[in-house]
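Chemist: coords below, sequence missing:
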C-alpha cells in the first residue's frame, strides 16, 4: 500500500473518532442513566439492545465518512464538479437535446511555470468565476461545470448548439485581453451537441478535436459525416477483412524514378474510402495501430513484388517498438525475398524516445533485413535533430514548411543548411510537396537527393499487377 493511501486511512480513522465521540458519549450517558435509575427492573434484552446500538452507531459513522470520501462532488481548487461526477450527471442529461461546451486556459502550463502553482490554482478559480458571471449576464444559471484536466472545463447547457454558438464566440473574443492580477490568461473553446452523438465520451473527444482545429485554423481534409460508433465498426471490419486502397506518388533522383511513396486508406463494406485523418484516432484508441500498419505493409508488398523501384510507407513509431509487430514484419520479409532492399519505413516522432539506444538497435535489426529507415519532418520538431544525431538511418525528409514557405529566401537558406548537415552525417535527403518550378530547381541546385511533389509527379491510384 502506498504512503498516501496509508495516510488517507489514518485521516479517515481520526476523523471518525472525532465525529463519533459525541454520539458515543450520548449513548453511554443514556445507558448509564438507565442503569442507575431502573437497575432492579431492567430486562436482559436491554443489555443486548444497548450493545447493538453502540455497534451500529460506530458502523454508521464510519460508513458515512468513507462514503463521503469515495464520492466527492466538487474539486478542491476550482470548486467545479469532479470529472467523475460530471460524467455521471451529464450521462442523464444527454438523453435529450443537450449542448456541451469546452473552455480551456491554453497557457496554464506557462502560468504554473512562471508564476507558481499557487497562482495557477488562483487563475483556475478566478476563470471559473469569470465564466460563471459571463453566463449569468446571458441569463444562463445553474448549469453543470466540471474540471476535466489541466485548464480544460466542460459546461453543459440545455438545448442545441445553435443557441450558444454566438455566446461562445463572444466569450472567447471578450476574454482575449483577460488578466487575473498581472497574469495574462488565454482562453479558447469549442462546442458540440447531441446531434453529433448521444455517447458522452464521443462528444467530449469531439470537443477536443474541434478545439485543435480552431487553434490551427484548419479544417479536416475530406471530413466525413459519420457517427463515432459507425466509425469504430468500420475500422474493425476493414482491418479484419483487409480492405485497403493504395495511391502512390513518384519520387525522383535527378531524372530517374527511384522511389514511390504509398498513401493508404481503409475501405468500408460498401467500397467507400475514408481519409486516414478521420479514422486514425479510432485506430489508436482501439489499440489497432500495429495491426493497421501490418495490413498496409502486406498490401503494399503484394503490389510491389515485381517492381524495381523502392516503395515507401509511413509506420507508427509505437509499432516499431512493438515486439509482435517486428516479428511479423521479419517473417513477411523472409517469405518475400524479392522485396529485400526495396522497402523504406518513414517514421515521424514528435517527442524524443528516452531509450534511444534500444530504439536504434531495433531499427538496425530491420536494416539488416533490407529495410531502409527515413526520418520525416526534419527541421520541424526538436526531436528530429536529436534523432538525426542519435539514430543510424538512411534518409531524412524535410518538413513541408521549407517547400511551401512564403518567405522563400529565409527558407532556402535554412534548407541549404539542413541539407548540408544531413549529408555531413552520411544521410541522403528528401524533399516533398514541390509545387513550383523555382523550388524544384533550387532543390536540385543544392543537391537534395530525392524530389517529390505535383511539379514532379502527381498522386495516382495504384493497382495490383
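Modeler: Arrived safely, thanks for sending. A quick note: this is a predicted structure, and the numbers were derived from the prediction, not measured.
Chemist: And stretch 93-104, what's buried?
Modeler: 93, 94, 98, 99, 100, 101, 102, 103, 104 (16 or more other CB atoms under 10 Å). Every residue, glycine included, has its C-beta placed from N, CA and C.
Chemist: ok now the helix or strand where residue 292 lies, how far from the chain's centre?
Modeler: Residue 292 is part of helix 289-304, with elements assigned from DSSP states H and E. Distance of helix 289-304 from the chain centroid (CA atoms, centre = their mean, to the nearest Å) equals 24 Å.
Chemist: Skip ahead from that helix and say which helix or strand is next.
Modeler: Counting by DSSP H and E, the next helix or strand C-terminal to helix 289-304 is strand 310-314.
Chemist: Packing partners of that following strand?
Modeler: Where contact means 3 or more CB pairs under 8 Å, 6 or more residues apart in numbering; DSSP states H and E, strand 310-314 is packed against strand 256-267, helix 289-304, strand 343-347, strand 371-378.
Chemist: From residue 178, how far off is residue 157?
Modeler: Separation of residue 157 from residue 178 (CB to CB, to the nearest Å): 21 Å.
Chemist: These two - which one has more neighbours?
Modeler: A side-by-side neighbour count of residue 157 and residue 178, using other CB atoms under 10 Å, places residue 157 first with 20 against 16.
Chemist: picking that back up, now the helices and strands packed on strand 310-314 in a markdown table, with distance to residue 239 and mean pLDDT?
Modeler: Output for these, formatted as a markdown table (distance: least, CB to CB, whole Å; pLDDT from 0 to 100):
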| stretch | distance to residue 239 | mean pLDDT |
| --- | --- | --- |
| strand 256-267 | 7 | 92 |
| helix 289-304 | 6 | 91 |
| strand 343-347 | 20 | 95 |
| strand 371-378 | 22 | 94 |
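Chemist: Pipe the ones you listed into CSV and attach mean neighbour count and distance to residue 74 per row.
Modeler: CSV is the format used below for these (neighbours: other CB atoms under 10 Å; distance: least, CB to CB, whole Å):
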stretch, mean neighbour count, distance to residue 74
strand 256-267, 19, 43
helix 289-304, 20, 37
strand 343-347, 22, 45
strand 371-378, 22, 43
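Chemist: The residue most central in space within the chain and residue 262: what is the separation?
Modeler: Centroid-nearest residue in the chain: residue 281, 8.2 Å away (criterion: CA atoms, centre = their mean). Distance of residue 281 to residue 262, given as CB to CB: 21 Å.
Chemist: Please work out which residues outside the helix holding residue 292 touch it.
Modeler: 239, 242, 244, 246, 262, 264, 283, 311, 313, 315-316, 318-319, 322, 324-325, 328-329, 332, 336, 339, 342-343, 462-465 (CB atoms under 8 Å, 6 or more residues apart in numbering).
Chemist: cutoff 6 Å now
Modeler: Outside helix 289-304, the residues that touch it by CB atoms under 6 Å, 6 or more residues apart in numbering are 239, 242, 244, 262, 264, 283, 311, 313, 315-316, 318-319, 322, 325, 328, 336, 339, 462, 464.
Chemist: sorry, back to before: quick one, which of the helices and strands packed on strand 310-314 is nearest to residue 33?
Modeler: Nearest to residue 33 among the helices and strands packed on strand 310-314 is helix 289-304; the distance by CB to CB comes to 72.4 Å.
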